[in-house]
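Turn this into a model:
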Amino acid sequence: MNRTSAEPHRMDPAGGCPHAANARLLARGAVAPVVLPGEVEAMAVLGHDTLREFLTHPDVAKGARHFTALVEGRIPAGWPPATFATVRGMTTADGDDHRRLRALVSRAFTPRRVAGLRPRVEELTVALLDDLVRAAAADDGVVDLRRHFALPLPLGVISELLGVDTRHRDRLHHLCNQVVATGITPAEAVAAHRELVAVLGEIAAAPGDDLTSALIAARDDDGDRLDAQELIGTLVLMIIAGHETTLNLITNAVRALVAHRDQLDLVRAGGASWDDVVDETLRWDAPVSFFPFRYPVRDLTLDGTVIPRGTPVPAGYSAAGRDPAGYGPDADRFDVTRAGRPGAVRNLSLGHGAHYCLGAPLARLEATVALERLFGRFRGLDLAMAEDALPRHAGFVGNSVGTLPVRLGV
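Next up is the predicted model:
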């Protein structure tokens, strides 16, 4: 059966909480026609099992040369998601090219290097917790946990890893926000992309004992290395994925735990681990809602729906995480013991297959350390305003709230 006759869902450029819309779309099927900003027709893959199949399908590519509307000149200049579609790097490479780029990055971004970051992650976490106390004292006991803790931890770590000077960090975060935003104007999108490339070029030009220098020096067995565009594209990916995803992950985990005190008590009592909290947050409130883009290289039928060749397909991680077909009738329930059940289904929120997130170990390290230290120190931590009043993060790529005002309970 072909379900493409269903009325397309218009993706809201301003973002908002995705879960109600996801549930409506999933009730139609695992694949849904959607309209992206700029009246660009697309298809979203939402169901867990179907998304898992799609992410590893041999007839699905990531390179922009497969994006029919872009190749035919039907995408307007300054289209906000254009950076995701056209940046040169691992996220838009296929086959041998992807393997080459990933191998080069992997040599610099090794598990040993990540493991060696634990003392620094713990040190920075403790310092930021002290800063939270001071910030709360200066504002009648209320502090924005996202701004003062969930952001500076991963941004500080990835910046130190890449050799980004402190004077660039706030600007890079702003530009990354612009790049992942879907509701900005074409002029803003072009300006943000241009400035981000310029700032990263300046960073790459300053040699040092850091990951950026290692990426520049890294060679594969054939003596190949990242060219200038690939280097900048890789840095764009690592800066955005290296802090935006973890920022949302920590923010969403705190919101989930204070809203589900029984689950927080269970973790504190040893009935589940902080790793379990991270896993369940990734599933229940994925930090990335819809990740652009993949393209079928031929007409592709999934779950009875035809996705025409060259159609841009955002991967619906937030929808897949709450798909009852994947996680059962209680898929909407936040349960930190879920991942430990026999036969538990692994969530897809950090990807699957050849493009699985290379920075996943670092994101998990930062989130588990942050949550354990935060809730260990501030046992009475709670929101300072109602959950449904929290302003949402702009755009439909990232999934979180824009601010997280809390009282520390000290």
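
From here on, just use CA atoms for contacts and neighbour counts.
OK.

hang on, Arg102 in a helix?
Yes. With DSSP: H, G, I helix; E, B strand; the rest coil as the criterion, Arg102 is assigned to a helix.

Against Gly233, how distant is Val197?
8 Å (CA to CA, to the nearest Å).

So between the two, which is more surrounded?
Gly233 (24 against 17; other CA atoms under 10 Å).

surely that one meets Arg88?
Yes. Using CA atoms under 8 Å, Gly233 is in contact with Arg88, at 4.9 Å.

low-scoring pLDDT stretches of the stretch 51-200 of the chain, where are they?
The stretch 51-200 of the chain contains residues with pLDDT under 70 at 108-109.

so what secondary structure elements neighbour whichever helix or strand Leu231 is part of?
Using DSSP states H and E, Leu231 sits within helix 228-259. Using 3 or more CA pairs under 8 Å, 6 or more residues apart in numbering; DSSP states H and E as the contact test, the elements touching helix 228-259 are helix 152-162, helix 166-180, helix 186-204, helix 211-217, helix 261-268, helix 274-284, helix 360-377, strand 382-383.

Please name every helix or strand in contact with the fifth one.
Based on contacts counted as 3+ CA pairs under 8 Å, 6+ apart, the elements that helix 261-268 packs against are helix 228-259.

What of the last one?
For strand 382-383, the elements it packs on are helix 228-259, strand 405-407, judged by 3+ CA pairs under 8 Å, 6+ apart.

Single out the most deeply packed of those.
helix 228-259 (a mean of 22; mean count of other CA atoms under 10 Å).

Which helix or strand contains the residue nearest to Ile75 when sequence neighbours are not counted?
Spatial nearest neighbour of Ile75, excluding adjacent residues (CA to CA, 6 or more residues apart in numbering): Ala69 at 6.1 Å. Assigned by DSSP H and E, Ala69 belongs to helix 68-71.

and that helix, which residues are buried?
Neighbour counts over helix 68-71 (16 or more other CA atoms under 10 Å) mark 68-70 as buried.

got it, and stretch 333-346?
For stretch 333-346, by 16+ other CA under 10 Å, it's 334-339, 346.

what does stretch 354-372 give?
Buried residues in stretch 354-372 (16+ other CA under 10 Å): 355, 358-360, 362-371.

Please enumerate residues in contact with that stretch?
For stretch 354-372, the external contacting residues (CA atoms under 8 Å, 6 or more residues apart in numbering) are 56, 90-91, 106, 111, 114, 118, 121-122, 125, 153-154, 241-242, 245-246, 249-250, 253-254, 274-275, 278, 350-351.

Then stretch 330-348?
Against stretch 330-348 from outside (CA under 8 Å, 6+ apart): 48, 52, 256, 260, 263, 272, 276-277, 279-284, 317, 320-324, 326-327.

Of these, keep whichever come out buried.
For the contacts of stretch 330-348, buried by 16+ other CA under 10 Å: 48, 52, 256, 263, 272, 276-277, 279-284, 317, 320-324, 326-327.

about what we covered before: deepest-packed of the helices and strands packed on helix 228-259, please.
The most buried one of those (mean count of other CA under 10 Å) is helix 274-284, showing a mean of 24.

right, and the helix or strand after that one?
Counting by DSSP H and E, what follows helix 274-284 is strand 290-296.

No further questions, thank you.
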